[in-house]
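Asker: Generate a structure from the sequence data that follows.
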Amino acid sequence: MGPQNLALRLAEVRERMARAAARAGRSAHSVTLLAVSKAQPLTLMRAAADLGLSDFGESYLDEALEKIAALQDRSLTWHFIGRVQANKTRPIAASFAWVPAVDRLRVAERLSEQRPFHAPPLNVCLQVNLAAEPTKGGVACAQLPALARAVAALPRLKLRGLMCLPPPEADPERQGHWFGELRRLQASLNAQGAALDTLSMGMSDDFEAAILEGATVVRLGTVLFGPRSVQ
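Answerer: Numbering: from 1, shown residues only. Next up is the predicted model:
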């Protein structure tokens with residue numbers, strides 16, 4: 001894909017986001033577009049940054065670190081969106097601003113211990129396995145309150161919200177069901193004293209349903225960049 005096609009795709013995506021936000025009675029500015037740039041070339045990422053995108057999501061650590069170094073001349077915010085392996089927490093803690101897929105206390109503790117003291121606290125979200133799918137990461141709904149309390153107490157992390165990867169659904173109402181579940185879990189935690197302001201939910205096939213249910217971050221790859229090369 002060339003930069004011109006990217007500009008057209010981005011304009012269309014932003015219009016779809018704005019329409020969904022308006023339907024929900026929200027400002028389009030209340031939703032962050034997180035560009036899922038894993039396996040995308042640097043030239044395309046530079047073009048995306050030139051078009052105003054500033055948040056990029058990566059899940060292949062070695063590739064991500066190379067991109068962060070190559071694009072340090074840009075003011076970009078980096079999100080590590082893959083499942084965090086305990087033996088790779090140090091470079092993640094040092095190089096990223098957000099980790100939206102924390103689902104184990106031990107991983108959170110390592111991220112906190114290894115976050116550089118010169119850096120601001122690392123923003124994290126807890127991934128919730130809403131449908132108890134064995135092939136996906138995420139904390140079980142019943143265990144979420146205890147994990148949230150423990151992570152919120154860690155000194156070098158800032159617990160910002162929740163994230164989910166729900167079962168794929170073609171029906172927008174079914175999509176909305178899962179996203180509504182995550183929104184209700186966030187509201188329950190906030191009623192217990194949490195101060196969560198982030199719902200990271202919705203991808204290329206369902207981001208409009210997610211925005212209708214309160215998403216503050218949508219993770220978009222294919223709809224922006226087209227299919228990525230297989231790695």
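
Asker: burial measure for the closest residue to residue 182 other than its chain neighbours, as a count.
Answerer: Excluding the flanking residues, the one nearest residue 182 by CB to CB, 6 or more residues apart in numbering is residue 164, at 4.8 Å. Every C-beta, even on glycine, is put in place using the N, C-alpha and C of the backbone. Using other CB atoms under 10 Å, residue 164 has 26 neighbouring residues.

Asker: so what's residue 164 bridging to?
Answerer: residue 128 (DSSP bridges).

Asker: Please list all residues in contact with it.
Answerer: For residue 164, the residues meeting the contact criterion (CB atoms under 8 Å, 6 or more residues apart in numbering) are 127, 128, 129, 130, 138, 178, 179, 181, 182, 200, 201.

Asker: Likewise for residue 180?
Answerer: Contacts for residue 180 (CB under 8 Å, 6+ apart) come out as residue 213.

Asker: measure it to residue 168 for me?
Answerer: Distance, residue 180 to residue 168, using CB to CB, to the nearest Å: 17 Å.

Asker: Residue 147 too?
Answerer: Using CB to CB, one gets 25 Å for the distance from residue 147 to residue 168.

Asker: Between these two, which is the more surrounded one?
Answerer: Neighbour comparison, residue 147 and residue 168: the larger count goes to residue 147, with 19 against 11 (by other CB under 10 Å).

Asker: Would you tell me what helix or strand the residue of the chain most remote from its centre is located in?
Answerer: Residue farthest from the centre of the chain, counting by CA atoms, centre = their mean, is residue 4 at 26.0 Å. Using DSSP states H and E, residue 4 falls within helix 3-23.

Asker: Cheers, nothing more for now.
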